[in-house]
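*Asks:* sequence unknown, structure follows:
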């Protein structure tokens, strides 16, 4: 993660850092919107827990059960599709419809200020991250047949784009990050808050256990170890470019998710 951060700063060293704080409304409005969004996220996590449990599924968070870390619990195609649809609507569609009526695409970090520079940054970060994933994690995707990859990879890309990537992009990096910067006046604090928010939205990952104080504490520690640094790095990409789309393509949709989670989707959808 430190290497990727250093690469990001080096590749953007000659670019003018965009004024993300200036894209947010005045401080009092930003504070109210931020509080509303955080309460909305807490309520949505609660709703995702309740609805999924009623259906006999794993609670809905930003990751489908079995993502990144495998589990021995069954995930059905219906659960995977509903999870993706639920997250897309509550974290991306509804917030975007609300805020897009009030703010421009630029104010929401949805427009590139330098497409060529953004494309170069995406290419470098994606290449490095993909190589690291392949070298260190030994992705099971290479154990799949050609047909499983041809069908499973696009399916994984689509489901995770809807269920994880776009929800976090819109909710955190398009809307919350400029408001964090407006409220704190600090890039470092904004990066930390981005990492903490990203971590919190994974609170229902299937490997987390809250059946005792000890297990709860250990789960929170591993939650932070797993998601805090990636959440901060995604924030760094957004702050340095002013473009929330950069993290989507450089460090989320393709690597790690499509690369790592295609075998999981092949198993869920019984692809032969």
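*Replies:* That came through fine. The structure presented is a predicted model; accordingly, all values stated were derived computationally and were not measured.
*Asks:* for residue 235, what are its contacts?
*Replies:* Residues near residue 235 by Cβ atoms under 8 Å, 6 or more residues apart in numbering: 172, 173, 177, 190, 191, 193, 194, 195, 198. Placement of C-beta: from N, CA and C, glycine included.
*Asks:* Name the nearest residue to it, sequence neighbours excluded.
*Replies:* residue 194 (3.1 Å; Cβ to Cβ, 6 or more residues apart in numbering).
*Asks:* ok, the one you found - contacts?
*Replies:* Residue 194 makes contacts with 172, 173, 176, 177, 180, 231, 232, 234, 235, 238, as judged by Cβ under 8 Å, 6+ apart.
*Asks:* Looking at those residues, which are in helices?
*Replies:* 177, 180, 231, 232, 234, 235, 238 (DSSP state H).
*Asks:* shaky segments in the protein?
*Replies:* Low-confidence segments of the chain (pLDDT under 70): 70-72, 137-139.
*Asks:* what about 90?
*Replies:* Scanning the chain for pLDDT under 90 picks out 1-2, 66-74, 132-143, 206-211, 257, 259-260, 272.
*Asks:* would you list every one of the strands in it?
*Replies:* Read by DSSP state E, the chain holds no strands at all.
*Asks:* Mind telling me which residue is nearest the centre of it?
*Replies:* For the chain, residue 168 is the residue whose C-alpha lies nearest the centre (Cα atoms, centre = their mean; 4.2 Å).
*Asks:* From residue 77, how far off is that residue?
*Replies:* According to Cβ to Cβ, to the nearest Å, residue 168 and residue 77 sit 23 Å apart.
*Asks:* One more: residue 34?
*Replies:* For residue 34, the distance to residue 77 equals 37 Å [Cβ to Cβ].
*Asks:* Between those two, tell me which one has more neighbours.
*Replies:* residue 34 (19 against 12; other Cβ atoms under 10 Å).
*Asks:* Skip the chain neighbours and tell me the closest residue to that one.
*Replies:* Nearest residue to residue 34, sequence neighbours excluded (Cβ to Cβ, 6+ apart): residue 179, at 4.7 Å.
*Asks:* Tally up the residues packed near the one you found, please.
*Replies:* Using other Cβ under 10 Å, residue 179 has 25 other residues around it.
*Asks:* list the contacts for residue 147?
*Replies:* Applying Cβ under 8 Å, 6+ apart, one finds that residue 147 lies in contact with 271, 272.
*Asks:* Now do the same contact list for the residue lying closest to residue 224 once chain neighbours are set aside.
*Replies:* Excluding the flanking residues, the one nearest residue 224 by Cβ to Cβ, 6+ apart is residue 199, at 5.9 Å. Residue 199 makes contacts with 223, 224, 226, 227, 228, 231, as judged by Cβ under 8 Å, 6+ apart.
*Asks:* which one of those has the most neighbours?
*Replies:* Result: residue 231 is most packed of the contacts of residue 199 (other Cβ under 10 Å), 27 neighbours.
*Asks:* and that one, how far is that from residue 86?
*Replies:* Going from residue 231 to residue 86 by Cβ to Cβ gives 21 Å.
*Asks:* Please, where are all the helices along the stretch 1-150 of the chain?
*Replies:* Along the stretch 1-150 of the chain, the stretches classed as helices by DSSP state H, counting those that start in this stretch are 2-11, 20-23, 27-54, 77-87, 94-100, 115-137, 146-160.
*Asks:* Packing partners of the longest one?
*Replies:* If you count contacts as 3 or more Cβ pairs under 8 Å, 6 or more residues apart in numbering; DSSP states H and E, helix 27-54 packs onto helix 77-87, helix 177-184, helix 187-200.
*Asks:* Quick one, which of those gets closest to residue 266.
*Replies:* Comparing those against residue 266 with Cβ to Cβ, the closest turns out to be helix 77-87 (11.7 Å).
*Asks:* OK, contacts around the residue nearest to the centre of the chain?
*Replies:* For residue 168, the contact set (Cβ under 8 Å, 6+ apart) comprises 62, 91, 198, 201, 234, 252.
*Asks:* Would you reformat these as CSV and include distance to residue 18 and neighbour count?
*Replies:* Output for the contacts of residue 168, formatted as CSV (distance: Cβ to Cβ, whole Å; neighbours: other Cβ atoms under 10 Å):
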residue, distance to residue 18, neighbour count
62, 26, 27
91, 24, 26
198, 20, 24
201, 24, 24
234, 16, 26
252, 20, 25
